[in-house]
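Novice: Sequence first, predicted coordinates after that:
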Amino acid sequence: MKNTKKNTTVRIIQEDGSIKEINIYVVRPNNNTIKNADRYRATTWNQCITDGVLTRKELAKILEERGIWNSEKSEQETIIANKIQELERKLYLGLGVDGKKAKISEGKQWALEMRRLRIQLRDLISEKIALEENTAESLSDNAKFDYFVADCTFYENGERVYKNVEDYNSKSADELAYAAASALGEMMYQLDTKFEENLPENRWLKQFNLVNENLSLINSDGELVDLDGRKINEFGYYINENGKRIDV
């Protein structure tokens, strides 16, 4: 059963340096809220078109004309995604090339290759994603979510935090608004606050104690190491057994 309410505590630093705790909760939007949010989204969409904001389709055409994103890059995205999927299958099955159970060293290589491929994929599509965030579709979708946050956020005594969506937008940069949006996003869209930690390769590496809580590679003694097992410090510099830098 889906959660219909989520509580959260926001810690705000006052001007005098003291910390004030504010308890709020968010609720799942009801049908009336969804209907009004859809209307607000449509209004925002129409305003975007009037103001000359590009749609995703229009943006895609411009990106291809300027060589920012074309069929070649799209194919490259598919190839990398397929490689990640194949490596994930290998990790899941735990079988080496000879069909026998893979060694931990083999699994480690697959997991680290998945990490490298994900970085390549993010770098490849980052510019495209950044530009798409300013399309009419994205801006109107964001407006719809803003309406949800404004209408579904309450203090612990049941009083509304925001009078309306305009009130929320005027305060959307503060800690309270951020916490409310995060809580509602987690509840509505099952957003994973531990996304990186729960990636298949990182779960596998943690299972065999090959990374620490920050997902950094470690040796059997829990010391930070690079991809080749050489000891490093928290800044990535090589160190000796005494913890002194040796790559000056």
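Specialist: Right, received. Where do you want to start? Please read these numbers as outputs of a predicted model, since none were measured by experiment.
Novice: same question for the top helix by length along the chain, mean pLDDT?
Specialist: The longest helix of the chain (DSSP state H) is helix 104-132. Average pLDDT, helix 104-132: 91.
Novice: what about the helix or strand just after that helix, average pLDDT?
Specialist: Remark: after helix 104-132, the chain's next helix or strand is helix 136-152, criterion DSSP states H and E. Averaging pLDDT along helix 136-152 gives 97.
Novice: just stretch 232-239 next, same as before
Specialist: Stretch 232-239 comes out with an average pLDDT of 89.
Novice: How about it, which residues are buried there?
Specialist: 232, 239 (16 or more other C-beta atoms under 10 Å). (Each C-beta comes from the backbone N, C-alpha and C, glycine too.)
Novice: picking up where we left off before, from the chain's centre, how far out does the longest helix of the chain sit?
Specialist: Computed by C-alpha atoms, centre = their mean, to the nearest Å, the chain-centroid distance of helix 104-132 equals 14 Å.
Novice: now swap in stretch 226-245 and tell me
Specialist: Chain-centre distance of stretch 226-245: 29 Å, with C-alpha atoms, centre = their mean.
Novice: and the end-to-end length of that stretch?
Specialist: Start-to-end span of stretch 226-245 (C-alpha to C-alpha, to the nearest Å) is 14 Å.
Novice: contacting residues around that stretch?
Specialist: 112, 217, 219, 223-225, 246-247 (C-beta atoms under 8 Å, 6 or more residues apart in numbering).
Novice: wait, which of these is closest to residue 58?
Specialist: Distance to residue 58, by C-beta to C-beta, is smallest for residue 112 among these, at 39.8 Å.
Novice: Go ahead and flag the most central residue of this protein.
Specialist: residue 195 (6.6 Å; C-alpha atoms, centre = their mean).
Novice: Show the buried residues in the contacts of stretch 226-245.
Specialist: Buried by 16+ other C-beta under 10 Å: 112, 217, 224-225, out of the contacts of stretch 226-245.
Novice: Just name the closest of the residues you listed to residue 76, please.
Specialist: residue 112 (20.8 Å).
Novice: Now do the contacts for residue 90.
Specialist: Residue 90 is in contact with 102, 110, counting by C-beta under 8 Å, 6+ apart.
Novice: I appreciate the help and will end here.
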